[in-house]
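Colleague: Fold the following and give me the result.
(2 chains)
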Amino acid sequence: GEDVEQSLFLSVREGDSSVINCTYTDSSSTYLYWYKQEPGAGLQLLTYIFSNMDMKQDQRLTVLLNKKDKHLSLRIADTQTGDSAIYFCADSYSGAGSYQLTFGKGTKLSVIP
Amino acid sequence: EPEVTQTPSHQVTQMGQEVILRCVPISNHLYFYWYRQILGQKVEFLVSFYNNEISEKSEIFDDQFSVERPDGSNFTLKIRSTKLEDSAMYFCASGGGGGNQPQHFGDGTRLSIL
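Modeller: Predicted coordinates for the structure are as follows:
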């Protein structure tokens, strides 16, 4: 079955850029997503990208997609302490039309003041 | 902004009992989902629901589980004969349909089986 892999931890200084990486195996993925989870909270949709795009920018967030290598990254510019959270990469698999998501284990981002 | 709401936020139940987790999806969404996250593990897909029936389910979603949309707004997950290993965070999500209408998640129900 499909798999999504992420590094587990990332630590950056406040004001620096953060880059969170993700790889996936399903070549039929059509959309790829980034969700943010703060402690004790649910999954907040941050951004998503269609598989025929290479890049998407949304304010401080930049998503890069290398479809050939099945590699997705999320760059957070000017990282703030409020960005400390777990970031999940997910791909969308359309089976029977339901678009279920396959998640990575999540990358815990720690921002050092 | 519309959101998915889940109740209760925390449910504690004795092993062997039945639990019902409740969700109110975003009102104009067509697809409804349940996922679970065992502590320290990945978020895992359980089931998707469309047009008043299950459209897809994972291997986890066995006969112990069932879903229902009893009225126009609620979407429930029932777990019968709960086991210790059912302890997890359960997330409800809804989507408009199509990959370009992403799934929005509720804050989850933390289920603790004693």
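
Colleague: Going by C-alpha atoms from here, please, whenever you check contacts or count neighbours.
Modeller: Will do.

Colleague: need the contact list for the closest residue in space to residue A:64 that isn't next to it in sequence.
Modeller: In this structure, residue A:64 finds its nearest non-sequential neighbour in residue A:55, 4.6 Å apart by CA to CA, 6 or more residues apart in numbering or on different chains. Residues in contact with residue A:55 (CA atoms under 8 Å, 6 or more residues apart in numbering or on different chains) are A:49, A:62-65.

Colleague: Spatially central, which residue of chain B would that be?
Modeller: What sits nearest the mean C-alpha location of chain B, by CA atoms, centre = their mean, is residue B:34, with 3.1 Å.

Colleague: Check which helix or strand that one maps to.
Modeller: Residue B:34 belongs to strand B:31-37 when assigned by DSSP states H and E.

Colleague: still on that earlier bit, now, which of the contacts of residue A:55 lie within strands?
Modeller: In strands, defined here by DSSP state E, the members of the contacts of residue A:55 are A:49, A:62-65.

Colleague: Quick check: phi and psi at residue B:84.
Modeller: Dihedral angles of residue B:84 (phi, psi; degrees, to the nearest 10) stand at phi -60, psi -40.

Colleague: Thought residue B:38 was touching it, still the case?
Modeller: No - between residue B:84 and residue B:38 there is no contact, the gap being 11.3 Å when judged by CA atoms under 8 Å.

Colleague: just to revisit the earlier point, close to chain A, is the strand holding residue B:34?
Modeller: Yes - if you take CA under 8 Å from any CA of the partner chain as the test, strand B:31-37 does meet chain A, through B:31, B:33.
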